[in-house]
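A.B. asks: Fold the following, please.
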Amino acid sequence: MAGQRPPSLRLRAYYGIDFPGKVAALVTQALLSFSAAATLFSRYAAAVALVRRLWPLLPAQIASFLVGFTASFALLLCLAYSLTLSANLRTSLLLRPRMARHMLSLVPAWQPVRTALDLGSGRGVLLASVGLQLQELGGVGRAIGFDSWDTKGGGGGVRGGGRKGSRIEMERNRRFEGAAAAADDAADANAAGDGGENGTADAGGSGSSGKSLRQRRADKGRAGQPARRAAAAAAGAAAGAGAGAGGASPPVQGQAPVPSTGLAAVSAPAVGSMAGALRAAAREGVGALVTCKTGAFDRLPFPDAYFDVVVSALRLHAIASVLDDTDPSAAERQRHKVLLEVARVLKPGGRVVIWDVLHVASYAECLRSLGWKHVVVTPGPNAFMLPTHVLSSRKPSK
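C.D. replies: Below you'll find the predicted structure:
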């Protein structure tokens, strides 16, 4: 398949594990449970004698049963904690890299890809995989990782992920924009060579024909900003005036409107840090092809029709997850707002691939409601002991 990378380009860096605090708690609980079970089984007679001393009226058979039951229960707890721990480690260390390769293979052709977005980059596994895919094709394209990283504080719990992450991001952005500017200048030079005979006529014609490719891109981005600001302002007004009554936010470029929930922005606690994702990309040798952005998922800081490919792995389900128990419909609307943003920043004919748990069928329904015809959902391996699915689709060409 054209989009699949050979095994020689597999990830080499260590990306850490998901939920390290929970992993540490699981390890502690498993060790304590195993220690309790081992102690009771090895000193069974002494344990029974201790129970009978504490409760003299308790028959010996019941005391023996209580000790055996307690030891068996502790052993079962140890087994449960160990299984949960192994599922977490398997997802973090094995499934993420493997599924990253599978997701990239679902994009039929990577040769024309110039910009790719990893939505919810976290520790950067999928982002680095995209960078390696682009590097294999000559390093022409660029990959951008986006997540709700905290660049002011501790960077998502990783030491050094705050100010250092901001400095690394600024340097990556400078290099990213410099490479894009060089590509634009080369395109301008080719255009000037091809149209040298018609230069005077073009200058006397429309005012936009004399602009460089870089200027035209900037004009396109600025042209789209007023509409997005107006939409955001209208959404804020609707949220303030009638969110409790189920007010609807305005549609995005003719797409179906999504009701507002009154939340200022859609976000979710980020895994890892921006600095960590950038360092991982540098260790893989694709630091020059990768940059990162942070913000709210329903307000992606990118112009319309900017990306050729959008990918996301085990991230969208965490958006508005605090509402899943109290108001599931509101949580679903928030996730649909993110999908509307994905549709906005994706170019016509562009590809989207999402690997997630719990809500993939809802993602497919949302995209079909926008008129997307080619929406395919396939089952994936269990992640964190939960079933997963992979959604792949293509945005309709205008």
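
A.B. asks: Show me the helices in the stretch 201-350 of the chain, by range?
C.D. replies: Secondary structure of the stretch 201-350 of the chain (DSSP state H, counting those that start in this stretch): helices located at 213-242, 274-283, 328-345.

A.B. asks: other SSEs contacting the last one?
C.D. replies: With contacts defined as 3 or more Cβ pairs under 8 Å, 6 or more residues apart in numbering; DSSP states H and E, the secondary structure elements packing on helix 328-345 are strand 115-119, strand 307-313, helix 360-369. Heads up, the C-betas are built off the backbone N, CA and C, glycines and all.

A.B. asks: For it, C-alpha coordinates in PDB please.
C.D. replies: This file holds the C-alpha atoms of helix 328-345, laid out as PDB (Å, rounded to 0.1, in the frame of the first residue of the first chain):
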ATOM      1  CA  PRO A 328     -24.200  12.700  27.700                       C
ATOM      2  CA  SER A 329     -26.000  14.700  25.000                       C
ATOM      3  CA  ALA A 330     -24.000  17.800  25.900                       C
ATOM      4  CA  ALA A 331     -20.800  15.900  25.800                       C
ATOM      5  CA  GLU A 332     -21.700  14.500  22.400                       C
ATOM      6  CA  ARG A 333     -22.400  17.900  21.100                       C
ATOM      7  CA  GLN A 334     -19.100  19.200  22.300                       C
ATOM      8  CA  ARG A 335     -17.300  16.300  20.500                       C
ATOM      9  CA  HIS A 336     -19.300  17.100  17.300                       C
ATOM     10  CA  LYS A 337     -18.100  20.700  17.500                       C
ATOM     11  CA  VAL A 338     -14.500  19.400  17.300                       C
ATOM     12  CA  LEU A 339     -15.400  17.300  14.300                       C
ATOM     13  CA  LEU A 340     -16.800  20.400  12.600                       C
ATOM     14  CA  GLU A 341     -13.500  22.000  13.200                       C
ATOM     15  CA  VAL A 342     -11.800  19.000  11.700                       C
ATOM     16  CA  ALA A 343     -14.000  19.300   8.600                       C
ATOM     17  CA  ARG A 344     -13.200  23.000   8.400                       C
ATOM     18  CA  VAL A 345      -9.400  22.800   8.400                       C
END
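
A.B. asks: Let's have the helices and strands packed on helix 328-345 in JSON lines, adding mean pLDDT and mean neighbour count.
C.D. replies: Below are the helices and strands packed on helix 328-345 laid out as JSON lines (pLDDT from 0 to 100; neighbours: other Cβ atoms under 10 Å):
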{"stretch": "strand 115-119", "mean pLDDT": "95", "mean neighbour count": "25"}
{"stretch": "strand 307-313", "mean pLDDT": "96", "mean neighbour count": "25"}
{"stretch": "helix 360-369", "mean pLDDT": "94", "mean neighbour count": "18"}
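
A.B. asks: So for residue 384, which of the ones you listed sits nearest?
C.D. replies: With Cβ to Cβ as the criterion, residue 384 lies closest to strand 307-313 of those, at 12.5 Å.

A.B. asks: Pull up the pairing partners for that closest one, direction included.
C.D. replies: According to DSSP bridges, strand 307-313 forms sheet pairs with strand 115-119 (parallel), strand 346-357 (parallel).

A.B. asks: among these, which is the most enclosed?
C.D. replies: Most buried of the strands paired with strand 307-313, by mean neighbour count (mean count of other Cβ atoms under 10 Å): strand 115-119, with a mean of 25.

A.B. asks: by how many degrees do the next helix or strand after that strand and strand 115-119 diverge?
C.D. replies: Proceeding N to C from strand 115-119, the next assigned helix or strand is helix 125-136, under DSSP states H and E. Following axes from the mean of the first three to the mean of the last three Cα atoms, to 10 degrees, one obtains 170 degrees for the angle between helix 125-136 and strand 115-119.

A.B. asks: tell me which residues in helix 125-136 are buried?
C.D. replies: Using 16 or more other Cβ atoms under 10 Å as the burial criterion, the residues of helix 125-136 that qualify are 125, 126, 127, 128, 129, 130, 131, 132, 133, 134, 135.

A.B. asks: and the next element down the chain from that helix?
C.D. replies: Once the chain leaves helix 125-136, the next helix or strand it forms, by DSSP H and E, is strand 142-147.

A.B. asks: related to what we said a few turns ago, can you say which of the strands paired with strand 307-313 is nearest to residue 307?
C.D. replies: Checking the strands paired with strand 307-313 against residue 307 by Cβ to Cβ gives strand 115-119 as the closest, at 4.6 Å.

A.B. asks: Name the residues that touch that closest one?
C.D. replies: Strand 115-119 is touched from outside by 126-127, 130, 134, 141-146, 297, 302, 306-313, 315-316, 338, 342, 345, with contacts defined as Cβ atoms under 8 Å, 6 or more residues apart in numbering.

A.B. asks: what sits against residue 64?
C.D. replies: So residue 64 contacts residue 48 (Cβ under 8 Å, 6+ apart).

A.B. asks: and what of residue 271?
C.D. replies: 18, 19, 122, 123, 147, 156.

A.B. asks: ok, and the closest non-adjacent residue to the second one?
C.D. replies: Once its chain neighbours are removed from consideration, residue 19 has its nearest residue in residue 88; the separation is 6.6 Å (Cβ to Cβ, 6 or more residues apart in numbering).

A.B. asks: coming back round to it: which of the contacts of residue 271 are buried?
C.D. replies: Here, 16+ other Cβ under 10 Å leaves 18, 122, 123, 147, 156 buried among those.

A.B. asks: from those, which has minimum pLDDT?
C.D. replies: pLDDT across the buried ones among the contacts of residue 271 is lowest for residue 156, at 36.

A.B. asks: per-residue pLDDT, residue 75?
C.D. replies: pLDDT for residue 75: 96.

A.B. asks: now the one 10 residues further on
C.D. replies: Looking at residue 85, its pLDDT is 95.

A.B. asks: ditto for the one 5 residues further on
C.D. replies: In the prediction, the pLDDT value recorded for residue 90 is 94.

A.B. asks: Over to the closest residue to residue 114 other than its chain neighbours: give its phi and psi.
C.D. replies: Leaving out its chain neighbours, the residue that sits closest to residue 114 by Cβ to Cβ, 6+ apart is residue 141, at 4.7 Å. Residue 141 has phi and psi values of phi -80, psi 170 when expressed as degrees, to the nearest 10.
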